[in-house]
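Colleague: any chance you could fold what I've pasted below:
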Amino acid sequence: MKLIILDRDGVINHDSDAYIKTVDEWQPLPGAIEAIARLHHAGWTVAVATNQSGLARGYYDEATLHAMHDKLRALLAEHGAEIGLIAFCPHGPDDGCDCRKPDIGLLLQIARHYDTSLEGVWFAGDSLRDLQAAVTVGAQPVLVKTGKGTETAGKQLPTGTLVFADLAAVADALLQG
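Modeller: Have a look, this model is predicted:
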């Protein structure tokens, strides 16, 4: 199975320090939908692992979150593509769950769903916690310089982290590889 895992905010869609709270605020980054579609058409399964503490903070409800994901699915459908499992952590940073990245619960949920190992699977994110989670499960950490990625690039990255300008560049690398 050819599997890639993506963080959501800052990788697929614009991010905001004030949180993405409505379907209208959920706007894809330039080239992101097309990148996912290209991967899908080349036989890749694209899954998502996303912290969504805005749920715990009361900024939006689960129905709104699902509506955001429905918008993503609809945009991909316009390209004849789809996205796989979208695993999300609804907890706040102090809730003590095992799914909030850099913990690995979301990644393990994806591995169980697809009955596959995450060894070497690319996990693309824009934050250090995404990269740390990738390393913990043996996945390949991939940093995109969208969202908070440029800021993250200035930090001490895990050994072996691959760095790309955006999701389109990640797709290019996988499709040429």
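Colleague: how far does stretch 116-129 stretch from one end to the other?
Modeller: Terminal residues of stretch 116-129 lie 22 Å apart, using CA to CA, to the nearest Å.
Colleague: all numbers from here: first residue = 55
Modeller: All set: I'll call the first residue 55, so the last point we hit is now stretch 170-183.
Colleague: so for that stretch, what's the average pLDDT?
Modeller: Stretch 170-183 carries an average pLDDT of 98.
Colleague: what does stretch 195-210 give?
Modeller: 98.
Colleague: who's in contact with it?
Modeller: With CB atoms under 8 Å, 6 or more residues apart in numbering as the test, stretch 195-210 has contacts from 63-65, 68-69, 83, 176-182, 184-186, 188-189, 211-212, 214-221, 223-224. For every residue, glycine as well, the C-beta is placed using N, CA and C.
Colleague: what average pLDDT does the strand ranked longest in the chain get?
Modeller: As assigned by DSSP state E, the longest strand anywhere in the chain is strand 99-105. The average pLDDT within strand 99-105 is 98.
Colleague: give me the next element, helix or strand, following that strand.
Modeller: helix 116-131 (DSSP states H and E).
Colleague: and that next one, which residues are buried?
Modeller: 118-119, 122-123, 125-126, 129-130 (16 or more other CB atoms under 10 Å).
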